[in-house]
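J.: give me coordinates for this.
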Amino acid sequence: MGLIVGSEHALSGYHGFSVPVFAGLEQLLAPGWTLTLNGTSSWHVGRRTFPGLGYQAPLVTQLSFDAGIRHYYHQARRQERGYRTGPYEGPYVDLQTRTIFSPAARQTQLNYQYSSVGLVWGVQRRLGGRGLLDAYLSGGLANPAIFRYEGSAQRRLGLSLEAGVKLSLTR
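T.: Residues are numbered from 1 along each chain as shown. Next comes the predicted model:
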């Protein structure tokens, strides 16, 4: 058993500076229930070739894909209190699965890193006509590769924790 803290799509790392790009879809299934599909990539910015080291940093430093079923709860209570309600608004719980790909050291092709399944608790708020704020906490299980000093790797079930804030533009 191990611990994985969500570090996907960091702005910097051993590949240098990168910029995350997100694309997602949240489709209303029934009142209070949505399906979420997201793809995220991190793109390397700046110098990519390091001749002295014989190394070229990859252009895409990470890809991830996730899917989930989300339930917005307390909609009736929110409406009674005069808060905005409806799709994509308010507190939610989400059962989500995610798969992550990234290059290994000194490689440019993307390799499978791990998958996770977890429960997400969050709050989503509209910002004006096109903006969206999503703050969340997530906990679940993941299957990362554990590397040993002799070079072998073994997959072990581990605990995955994540906290995040996303600002989005909506259609």
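
J.: can you give me the helices for this protein?
T.: All helices of the chain, identified by DSSP state H, fall at 75-80.

J.: in contact with the nearest residue to Gly32 once chain neighbours are set aside, which residues?
T.: Take Gly32 and drop its neighbours on the chain: the residue closest to it by C-beta to C-beta, 6 or more residues apart in numbering is Tyr72, 4.9 Å away. Every C-beta, even on glycine, is put in place using the N, C-alpha and C of the backbone. For Tyr72, the contacting residues are 32-34, 87-92, 124, taking C-beta atoms under 8 Å, 6 or more residues apart in numbering as the criterion.

J.: one more pass at 7 Å, please.
T.: Listed by C-beta atoms under 7 Å, 6 or more residues apart in numbering, the contact set of Tyr72 reads 32, 90, 92.

J.: quick check: longest strand of this structure.
T.: Longest strand of the chain, by residue count under DSSP state E: strand 111-127.

J.: before we move on, back to that, between the contacts of Tyr72, which is closest to Phe147?
T.: In terms of C-beta to C-beta, no member of the contacts of Tyr72 lies closer to Phe147 than Tyr92, at 35.9 Å.

J.: ok, back up a step: with the contacts of Tyr72 in mind, which one is nearest to Asp66?
T.: When the contacts of Tyr72 are ranked by distance to Asp66 (C-beta to C-beta), Tyr92 comes first, at 14.7 Å.

J.: is it true that the closest one touches Ile69?
T.: No: in terms of C-beta atoms under 7 Å, Tyr92 does not count as a neighbour of Ile69; the distance is 10.4 Å.

J.: neighbour-wise, which of these two wins?
T.: For Tyr92 against Ile69, the residue with the higher neighbour count under other C-beta atoms under 10 Å is Tyr92, and the figures read 23 against 14.

J.: the contacts of Tyr72 in strands, which ones?
T.: When strands are assigned by DSSP E, the members of the contacts of Tyr72 inside them are 90, 92.

J.: so which residues of this structure form strands?
T.: Assigned by DSSP E, the chain shows strands spanning 3-5, 12-13, 16-30, 33-44, 49-50, 55-56, 60-72, 90-102, 111-127, 131-142, 145-147, 153-155, 158-169.
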